[in-house]
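S.K.: With the sequence up front, the predicted model follows.
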Amino acid sequence: MRNWDYRYCWPRDAAMSALALVKLGVIGPAMKFLDWMLEILDEAERTSLVAPVYTVTGAHLGPEAEIGELSGYRGSRPVRIGNSAGLQVQLDVLGPIAELLAHLAQSGADLSNEHWRMMTTMVDVVEQRWQDPDHGIWEVRRARQHHLHSKVMCWQTVDRGLTVANYVGKPQPHWIELRDQIAAEVLRNGWKREVSAFCATYEDTEPDASALSVGLSGLIKPDDSRFLGTIDYVNRHLRDGAVVYRYRYDDGLPGSEGGFLLCTTWLIESLAMTGRYNEAQSLFDQYVSLTGPTGLLAEGYDPHQQMTLGNYPQAYSHLGLINAALRLNARA
């Protein structure tokens, strides 16, 4: 696993973490996170993107640097401070925030005019920027491309915006056209007939676990053959025992990494959604077995060295566990 400076707040990760708690009936942290996000949006231009990462006080990050004299955990150089991801374009960031707002609406939370302003601002940003290439959720260090997951999250922002609009009694019929326009492009450019799957970007046929978002988000139905094909593509090319790798392509960085535990939970959910409950339960049981002596999960796992890797404990891995457990429990 590579070394990264994690002393910051990723709005995407924070929203996903807060949402997992909302699903368990705990709303307080979500409302506090939204207050934090409102301050971020107040400092931004109306149609500018939310940055992928901020300091915990909401400030932009300084430059990334390496500390050459430190060897890192088990020699995993380089040790970095700062994070250049703060300068990247990541179009997917708004999707999880919109999802959080929609779930709060569905749970009957007291959404204010400020929350509605946040939602309209995010849809405005998507309307202006969704056709741009970006660096994607995995923060790869290469030229911008049209990442499938990013486009799906743009669609999700608008789709969940419609949910919030109906909840607050302010229908936005023109958002329906925007949502459908994004979906049509995803289905037209993201589907790769030669591999029978949605892939990492519009430009390639590389497997990427984030492509499972096309079904997990609801953009296509669980029984759609294109989602089923994507599940099988990820399962064949990215799964290794109990873990699923994010991708296998060159990301512009030296070294390699292990399986990414959040991706394993995405596959568990996808299998459960499509009726493959026994496979989903089996993978879930293997996933739970990766918890350490404290009952916590790391960011990744090397199935060959049988060793946990990366940030520990990792929010992604735990929110994924919650989501997968809830998805399996929904069958009961």
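M.R.: Perfect, I can see it now.
S.K.: Number of residues surrounding the residue lying closest to residue 89 once chain neighbours are set aside?
M.R.: Nearest residue to residue 89, sequence neighbours excluded (CB to CB, 6 or more residues apart in numbering): residue 134, at 4.4 Å. The way it works is simple: take the backbone N, C-alpha and C, and place the C-beta from them, glycine included. Residue 134: 24 surrounding residues under other CB atoms under 10 Å.
S.K.: residues in contact with residue 281?
M.R.: Applying CB atoms under 8 Å, 6 or more residues apart in numbering to residue 281 gives the contacts residue 328.
S.K.: That one: which element?
M.R.: helix 277-288 (DSSP states H and E).
S.K.: tell me the contacts of the closest residue to residue 144 other than its chain neighbours?
M.R.: Nearest residue to residue 144, sequence neighbours excluded (CB to CB, 6+ apart): residue 133, at 3.8 Å. When contacts are counted by CB under 8 Å, 6+ apart, residue 133 touches 89, 143-147.
S.K.: shaky segments in this protein?
M.R.: Scanning the chain for pLDDT under 70 picks out 1, 45-48, 332.
S.K.: Let me see the ranges of the helices in it.
M.R.: Per DSSP state H, the chain carries helices over the ranges 11-23, 28-43, 94-106, 113-129, 148-167, 173-190, 213-216, 225-237, 261-273, 277-288, 315-329.
S.K.: Would you mind telling me which of the ones you listed is nearest residue 297?
M.R.: helix 315-329 (3.8 Å; CB to CB).
S.K.: Determine the set of other helices and strands touching that closest one.
M.R.: The contact analysis (3 or more CB pairs under 8 Å, 6 or more residues apart in numbering; DSSP states H and E) places helix 315-329 against helix 11-23, helix 261-273, helix 277-288.
S.K.: buried residues in the first one?
M.R.: What it means is helix 11-23. 11-22 (16 or more other CB atoms under 10 Å).
S.K.: How about stretch 268-280?
M.R.: 268-274, 276, 279-280.
S.K.: And stretch 115-123, by the same measure?
M.R.: So, applying 16+ other CB under 10 Å, buried residues of stretch 115-123: 115-116, 118-119, 121-123.
S.K.: contacts for it?
M.R.: 34, 37-38, 41, 46, 94, 97-98, 101, 104, 157-158, 161, 164-165, 168, 170, 172, 175, 178.
S.K.: Distance from that stretch to the middle of the chain?
M.R.: Mean C-alpha position of stretch 115-123 versus that of the full chain (CA atoms, centre = their mean, to the nearest Å) differs by 20 Å.
S.K.: now, among the buried residues of stretch 115-123, which is nearest to residue 73?
M.R.: Of the buried residues of stretch 115-123, the one sitting nearest to residue 73 (CB to CB) turns out to be residue 122, at 37.0 Å.
S.K.: Tell me the spacing between the closest residue to the closest one other than its chain neighbours and residue 208.
M.R.: Leaving aside its chain neighbours, residue 122 sits nearest to residue 94 (4.6 Å; criterion: CB to CB, 6+ apart). Distance, residue 94 to residue 208, by CB to CB, to the nearest Å: 20 Å.
S.K.: ok, now residue 66?
M.R.: 27 Å.
S.K.: Next: residue 80.
M.R.: With distances taken as CB to CB, residue 80 is found 24 Å from residue 208.
S.K.: do the same with residue 314
M.R.: Taking CB to CB, one finds residue 314 at 19 Å from residue 208.
S.K.: next one: residue 90
M.R.: 15 Å.
S.K.: Compare those two (neighbour count), which wins?
M.R.: Taking other CB under 10 Å, residue 90 and residue 208 do not tie; residue 208 has more neighbours (30 against 26).
S.K.: For the nearest residue to that one once chain neighbours are set aside, which residues are in contact?
M.R.: Once flanking residues are discounted, residue 208 sits nearest to residue 200: 3.6 Å by CB to CB, 6+ apart. For residue 200, the contact set (CB under 8 Å, 6+ apart) comprises 136, 147-148, 206-208, 210-211, 247, 249.
S.K.: Quick check: phi and psi on residue 200?
M.R.: In terms of degrees, to the nearest 10, the main-chain angles of residue 200 are phi -60, psi -50.
S.K.: mind checking how far it is from residue 237?
M.R.: Using CB to CB, one gets 11 Å for the distance from residue 200 to residue 237.
S.K.: Just the buried ones among the contacts of residue 133, please.
M.R.: For the contacts of residue 133, a burial check counting by 16+ other CB under 10 Å picks out 89, 144-147.
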